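Participant: No letters, just coordinates:
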């Protein structure tokens, strides 16, 4: 059994000088956020790379989406490793890999380097996200353990949003945006890495590290109905995240004929920024209610995005992205709240892995396919079909959620999947 004792005189760091709890928490949060600032910064910068190197639009979506492939592979293989080796070595290793990706973007001579850098960036994030989330909880004061998940949520989604906005601002104000962005991010990564290195270790090393690297995606029978009901809308909200990050910035140029780095950054900022606010605001809303709100918002957001593209209104598209952000924040948070409580502690890693698979397949594959179709079909028709698929997936989840409600309310309880489901209904 792993010892989660904090790094005190009796803990894993006995006799080792390390940062006080508050500084360790702040440094870990900075290091985590730096990863997602870098991931978000690529959203508007990809448009700059396309103009600079004149590569096909399809390659732009590939450069965006390969991040998901690297993330998913690393999360499945390396995600549980910190439970056995300790948080600190895994986090330091991931930050070194993250620094390598920052340097690749800084010196990239062509789009091939950018695509390779995105894969490396995804590997770093996938390897470290679970460990960072756990470390934030473990570094949080005993009387404020809820602060850890909040910092994790804000650092991830907020980092994506802020990274896109700040990179867009750099593009708008300076001809050396790429250099400014990645020199700054490299410095933040180094500072965060030093903070992690001098923070206390929060768990003891344990056996089973190699065995933990065998990917395990398991959905127990107790959670299967909820998982299958939530999976379509989970895929849908991540598809819209892919649309905001992979296609929306280039649509500012190709559909609305506006040449503005700031607008490119806003196109990648709006949806994740709104999702942060909604995810935190909906923390106390019943998951069954929240997922219904998320489904309807996902449908309305999709309609708003394609409606804005059809009528040539950037404001309408941005409004659609904001509503889509409501859908993401509400539906994804609710899906976790509905599924995770239904499984035992030793089953959670496999279930979270399953959610990762659905999420990052939704983020990566559809936007790559859309990139391939923009040439023969055109951007607006492609976004129309893309939005239609999102709506269909959301409607599938809506129907499944309604069936679960009806089953849970049967007087004899027949067909109810669990006591937890009855509580959520």
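Facilitator: Received, thanks. Predicted model, so just to flag it, every value in this text is computed and none were measured.

Participant: Could you check how many residues crowd around residue 22?
Facilitator: Around residue 22 sit 11 other residues, with neighbours defined as other C-beta atoms under 10 Å. Using the backbone N, CA and C atoms, a C-beta is placed for each residue, glycine as well.

Participant: what's the neighbour count on residue 110?
Facilitator: Neighbours around residue 110, by other C-beta under 10 Å: 11.

Participant: Next up, phi/psi of it, please.
Facilitator: Main-chain torsions, residue 110, degrees, to the nearest 10: phi -160, psi 180.

Participant: Now the closest residue to it other than its chain neighbours: phi and psi?
Facilitator: Excluding its sequence neighbours, the residue lying closest to residue 110 (C-beta to C-beta, 6 or more residues apart in numbering) is residue 53, at 5.8 Å. Dihedral angles of residue 53 (phi, psi; degrees, to the nearest 10) stand at phi -110, psi 0.

Participant: Over to residue 126?
Facilitator: phi -70, psi -40.

Participant: contacting residues around the nearest residue to it once chain neighbours are set aside?
Facilitator: Take residue 126 and drop its neighbours on the chain: the residue closest to it by C-beta to C-beta, 6+ apart is residue 74, 3.1 Å away. Residues in contact with residue 74, defined by C-beta atoms under 8 Å, 6 or more residues apart in numbering, are 122, 123, 124, 125, 126, 127.

Participant: And the fifth one, how far from residue 353?
Facilitator: In this structure, residue 126 and residue 353 are separated by 11 Å, where distance is defined by C-beta to C-beta, to the nearest Å.

Participant: Tell me the secondary structure of residue 219, please.
Facilitator: coil (DSSP: H, G, I helix; E, B strand; the rest coil).

Participant: Would you mind measuring from it to residue 336?
Facilitator: Following C-beta to C-beta, the distance that separates residue 219 from residue 336 is 14 Å.

Participant: Show the average pLDDT along the helix or strand hosting residue 94.
Facilitator: Applying DSSP states H and E as the criterion places residue 94 in helix 87-107. Helix 87-107 carries an average pLDDT of 95.

Participant: swap in stretch 135-143?
Facilitator: Stretch 135-143 shows a mean pLDDT of 82.

Participant: list the buried ones in that stretch?
Facilitator: Judged by neighbour count using 16 or more other C-beta atoms under 10 Å, the buried positions of stretch 135-143 are 135, 136, 137, 138, 139, 140.

Participant: neighbouring contacts of that stretch?
Facilitator: 4, 6, 21-22, 24-25, 28-29, 32, 82, 87, 91, 145-149, 151-152, 155, 199-200, 202-203.

Participant: do the same with stretch 50-63
Facilitator: So stretch 50-63 is contacted by 42, 46-47, 49, 110-111, 114-115, 118, 246-247, 250, 254, 367-368, 370-372, 374-375 (C-beta under 8 Å, 6+ apart).

Participant: so how far is it off the chain centroid?
Facilitator: Mean C-alpha position of stretch 50-63 versus that of the full chain (C-alpha atoms, centre = their mean, to the nearest Å) differs by 23 Å.
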